[in-house]
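[1] kindly generate the corresponding structure for this input.
(one chain, ligands or ions: 1)
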Amino acid sequence: MNSQQNRNSSVPVAIRLKDVQHRYPKSQVTLSIPNWEVQTGDKVFLHGPSGTGKTTLLNLLAGVLQPESGEIALLDQPFSSLPTRKRDKFRAKHIGVVFQQFNLVPHLSVLKNIRLAAYFADNKASVDSKAAAMIDALRLPSEVLHQSAGSLSVGQQQRVAIARALINEPEILLVDEPTSALDTDARDAFMNMLTALCETQNTTLIFVSHDKSLEKYLSSSVSLSALCTLKEAE
Ligand SMILES: Nc1ncnc2c1ncn2[C@@H]1O[C@H](COP(=O)(O)OP(=O)(O)OP(=O)(O)O)[C@@H](O)[C@H]1O
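    Alright, predicted model coming up:
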């Protein structure tokens with residue numbers, strides 16, 4: 001099912017892009033998204049061949065990149081036009097991000113990695129007990145909380161990255177190719193855990209992957225080529 005076709009006008013929109021254009025410095029290629037809306041609670045599988053702009057779009061949604069023109073609104077608030085500090089604050093409070101390298105601090109314990117995300121979002125609500133519950137929900141033994149993130153396997157780090165991204169109960173979760181290092185069984189388990197956690201928190205999920213076999217875990221599917229164009233300057 002396509003997320004544009006799946007739209008129900010009574011459900012609020014979590015993500016809205018209008019006439020967004022982005023060009024990397026010194027690049028001739030412009031990525032252009034005329035219109036895209038994602039409803040609250042939708043879990044979108046965003047797919048497309050390598051180099052079509054998936055990571056660029058996630059970075060725009062995370063506010064790591066700013067569009068050259070157009071507007072990205074999140075949770076009915078202007079986002080891409082916010083000054084950097086306000087955008088950083090908004091991201092820390094409302095957006096969870098799991099990118100390909102997980103970006104855990106390797107020498108810090110799992111618990112400290114999770115506490116750090118809560119600290120940046122000014123989240124003081126019983127973080128340690130929530131972290132323990134999340135680690136349990138992700139089927140990791142409680143001992144990992146006190147192990148350094150860098151000492152864990154890739155699959156374990158992946159789950160810790162999800163726990164860290166969800167600790168502030170973000171309304172939006174952005175996930176980029178997190179399963180590429182996993183075998184089929186581990187991938188199934190991971191996808192089930194991820195979507196169940198998002199369901200519990202009514203999180204809007206944007207999940208990027210090349211792997212079309214993962215489509216079945218998400219509630220809708222969008223091809224990058226239907227959403228955006230990449231144009232080279234003449
Ligand atoms: N930092 C950068 N500077 C210049 N051009 C870039 C940069 N990052 C990406 N691009 C270009 O932008 C386009 C989209 O790249 P992007 O990484 O978003 O694609 P992708 O679909 O995520 O690819 P993959 O599936 O291989 O990760 C490509 O043409 C790429 O060469």
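
[2] and the lowest-mean-pLDDT helix or strand in the chain, what does it pack onto?
    Ranked by mean pLDDT, DSSP states H and E, the weakest helix or strand in the chain is strand 229-232, scoring a mean of 82. Counting contacts by 3 or more C-beta pairs under 8 Å, 6 or more residues apart in numbering; DSSP states H and E, strand 229-232 packs against strand 29-39. C-beta coordinates here come from the backbone N, C-alpha and C atoms, glycine included.

[3] which pLDDT value belongs to the closest residue to Arg187 other than its chain neighbours?
    What sits nearest to Arg187 in space, not counting adjacent residues and going by C-beta to C-beta, 6 or more residues apart in numbering, is Thr179, at 4.6 Å. What the model reports as pLDDT for Thr179 is 73.

[4] contacting residues for Thr179?
    Counting by C-beta atoms under 8 Å, 6 or more residues apart in numbering, Thr179 makes contact with Gln158, Ala186, Arg187, Phe190, Met191, Ser209, Asp211, Leu214.

[5] make it 7 Å
    Arg187, Phe190, Asp211, Leu214 (C-beta atoms under 7 Å, 6 or more residues apart in numbering).

[6] out of those residues, which one sits closest to Pro78?
    Ranked by distance to Pro78 (C-beta to C-beta), these are led by Leu214 at 31.9 Å.

[7] now the nearest residue to the closest one once chain neighbours are set aside: which helix or strand?
    Counting by C-beta to C-beta, 6+ apart, Leu214 lies nearest to Met191, which is 6.2 Å off, once chain neighbours are set aside. If you go by DSSP states H and E, Met191 is part of helix 184-201.

[8] in what helix or strand does His210 lie?
    Assigned by DSSP H and E, His210 belongs to neither a helix nor a strand.

[9] residues in contact with it?
    Taking C-beta under 7 Å, 6+ apart as the test, what His210 contacts is His47, Ser50.

[10] distance of it relative to Ala161?
    19 Å (C-beta to C-beta, to the nearest Å).

[11] hang on, the residue nearest to Arg187 in a strand?
    No - Thr179 sits outside any strand when classified using DSSP: H, G, I helix; E, B strand; the rest coil, being coil.

[12] got phi/psi on it?
    Main-chain dihedrals, Thr179, degrees, to the nearest 10: phi -100, psi 10.

[13] tell me the residues of this structure that contact the ligand?
    Tyr24, Ser27, Val29, Gly48, Ser50, Gly51, Thr52, Gly53, Lys54, Thr55, Thr56, His210 (C-beta under 6 Å from any ligand atom).
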